[in-house]
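**Student:** curious how this folds, go ahead:
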Amino acid sequence: MGGKAWIVGPVYPTFWLSRFFADLWMLFPKEEEYIEWFKNAGFKDIELKRIGPSPTWYRGVRRHGLIMGCCVTGVKPLTGDSPLKLGPKVEDVKKSANPLLFLSRIMLGGIGAIYYLLVPIYMWIKDQIVTKGMAI
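**Tutor:** Numbers count the residues shown, from 1 in each chain. Here you go, the predicted structure:
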């Protein structure tokens with residue numbers, strides 16, 4: 001007999017500025033990629049649910065990357081190895097990294113992380129200013 005699996009992860013932002021900073025910070029999969037991964041691994045009855053701020057806190061439309069993630073569930077009908085065939089590793093982790101490239105990636109990633117820290121603060125301030133009942 002198989003089993004059930006679920007994964008929770010971030011999704012690629014919809015707002016252009018959020019996408020730019022997401023690309024600096026880390027790799028965000030698209031929702032479709034999560035579903036494809038589950039299908040390729042032999043799962044059935046795959047469902048995806050979006051995860052984002054509570055409607056009582058956030059009154060806006062899906063912008064600024066505020067659908068923060070998703071939860072994907074699936075059922076594997078049979079036990080055994082995954083039919084998913086992984087390719088060769090892209091990066092050789094035994095090879096020493098270029099220190100300048102490493103430092104620049106850390107700095108750019110930090111800038112992206114700061115953006116994602118400031119967006120919820122901005123949205124909270126906007127929520128305090130805009131009259132309740134109006135869409136932001």
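**Student:** bridging residues for residue 3?
**Tutor:** In this entry, residue 3 is beta-bridged to residue 76, by DSSP bridges.
**Student:** any idea how far residue 48 is from it?
**Tutor:** Residue 3 sits 19 Å away from residue 48, going by Cβ to Cβ, to the nearest Å. For every residue, glycine as well, the C-beta is placed using N, CA and C.
**Student:** between the two, point out the one with more neighbours.
**Tutor:** It is residue 48, of residue 3 and residue 48, that has more neighbours when counted by other Cβ atoms under 10 Å, with 15 against 11.
**Student:** got a list of what the more buried one touches?
**Tutor:** 31, 34-35, 70-72 (Cβ atoms under 8 Å, 6 or more residues apart in numbering).
**Student:** ranges for the helices of the protein?
**Tutor:** Here the chain has its helices, by DSSP state H, at 16-25, 31-40, 99-129.
**Student:** include mean pLDDT when you put those helices into a markdown table, please.
**Tutor:** As requested, the helices of the chain are arranged in a markdown table below (pLDDT from 0 to 100):
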| stretch | mean pLDDT |
| --- | --- |
| helix 16-25 | 78 |
| helix 31-40 | 90 |
| helix 99-129 | 84 |
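**Student:** how about those, which one is nearest residue 88?
**Tutor:** Closest approach to residue 88 among these is made by helix 31-40 (16.8 Å; Cβ to Cβ).
**Student:** what helices or strands is that closest one leaning on?
**Tutor:** Under the contact criterion of 3 or more Cβ pairs under 8 Å, 6 or more residues apart in numbering; DSSP states H and E, helix 31-40 touches strand 3-10, strand 44-51, strand 69-76.
**Student:** quick one: it to chain centroid distance?
**Tutor:** Distance of helix 31-40 from its chain centroid, counting by Cα atoms, centre = their mean, to the nearest Å, is 13 Å.
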